[in-house]
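**Student:** give the three-dimensional model of this entry:
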Amino acid sequence: MVLMSSYLTNNSTFGIVCPSGYIPMERVQACVSTLQQWGYNVQLGATVGLQYHYFAGTDAQRLQDLQEALNSTTVQAIFCARGGYGLSRIIDALDFTAFIQQPKWVIGFSDVTI
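**Tutor:** The predicted structure follows:
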């Protein structure tokens with residue numbers, strides 16, 4: 001079964017999270033500004049700008065942040081700000097129940113394509 005999210009419209013909300021590698025807040029701010037100029041709302045996850053070695057937080061922090069985005073009823077698209085191999089460390093612990101009931105766009109590259 002293929003799940004398809006509804007189309008994004010003005011005032012749709014992007015949740016930006018970092019389930020893998022670290023990215024500085026300054027680099028994310030350009031994306032936030034662009035999305036807002038295009039008419040979208042933006043919610044930053046707790047892992048944006050957070051650093052734990054190569055990762056954007058511990059496995060537990062990244063898992064919680066992505067899970068909150070997947071479960072959110074106000075977020076229509078999840079933008080994963082950075083790739084790396086971090087998502088492969090937490091993918092099996094994610095609960096996709098709410099996501100299946102309310103699909104949303106997941107945008108990213110590298111391990112995010114898992």
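**Student:** with adjacent residues omitted, what lies nearest to Ser88?
**Tutor:** Distances taken as CB to CB, 6 or more residues apart in numbering put Asp111 closest to Ser88, at 5.2 Å, once the chain neighbours are dropped. Where you see a C-beta, it was placed from the backbone N, CA and C, and this is true even at glycine.
**Student:** check what pLDDT the one you found gets.
**Tutor:** Note on Asp111: pLDDT of 73.
**Student:** now it: phi and psi?
**Tutor:** Torsion angles at Asp111 (phi, psi; degrees, to the nearest 10) stand at phi -70, psi -10.
**Student:** where do the strands sit along the chain?
**Tutor:** Along the chain, the segments classed as strands by DSSP state E run 13-17, 41-44, 77-80, 105-107.
**Student:** next, format the ones you listed as TSV and append distance to Asp59, mean pLDDT and mean neighbour count.
**Tutor:** Below are the strands of the chain laid out as TSV (distance: least, CB to CB, whole Å; pLDDT from 0 to 100; neighbours: other CB atoms under 10 Å):
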stretch	distance to Asp59	mean pLDDT	mean neighbour count
strand 13-17	14	97	24
strand 41-44	20	98	17
strand 77-80	15	96	24
strand 105-107	19	93	16
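**Student:** columns distance to Cys31 on top of the ones you listed, output as TSV?
**Tutor:** Below are these laid out as TSV (distance: least, CB to CB, whole Å):
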stretch	distance to Cys31
strand 13-17	7
strand 41-44	8
strand 77-80	7
strand 105-107	10
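**Student:** now do the same contact list for the residue nearest to Ser88.
**Tutor:** Ser20, Gly83, Gly84, Tyr85, Gly86, Leu87, Ser88 (CB atoms under 8 Å, 6 or more residues apart in numbering).
**Student:** 10 Å instead?
**Tutor:** Counting by CB atoms under 10 Å, 6 or more residues apart in numbering, Asp111 makes contact with 19-21, 80, 82-89, 91.
**Student:** picking that back up, out of the strands of the chain, flag the one nearest Gln61.
**Tutor:** Set against Gln61 and scored by CB to CB, those come closest in strand 13-17, at 10.5 Å.
**Student:** strands paired with the closest one, and their directions?
**Tutor:** In its sheet, strand 13-17 lies beside strand 41-44 (parallel), strand 77-80 (parallel), with partners assigned from DSSP bridges.
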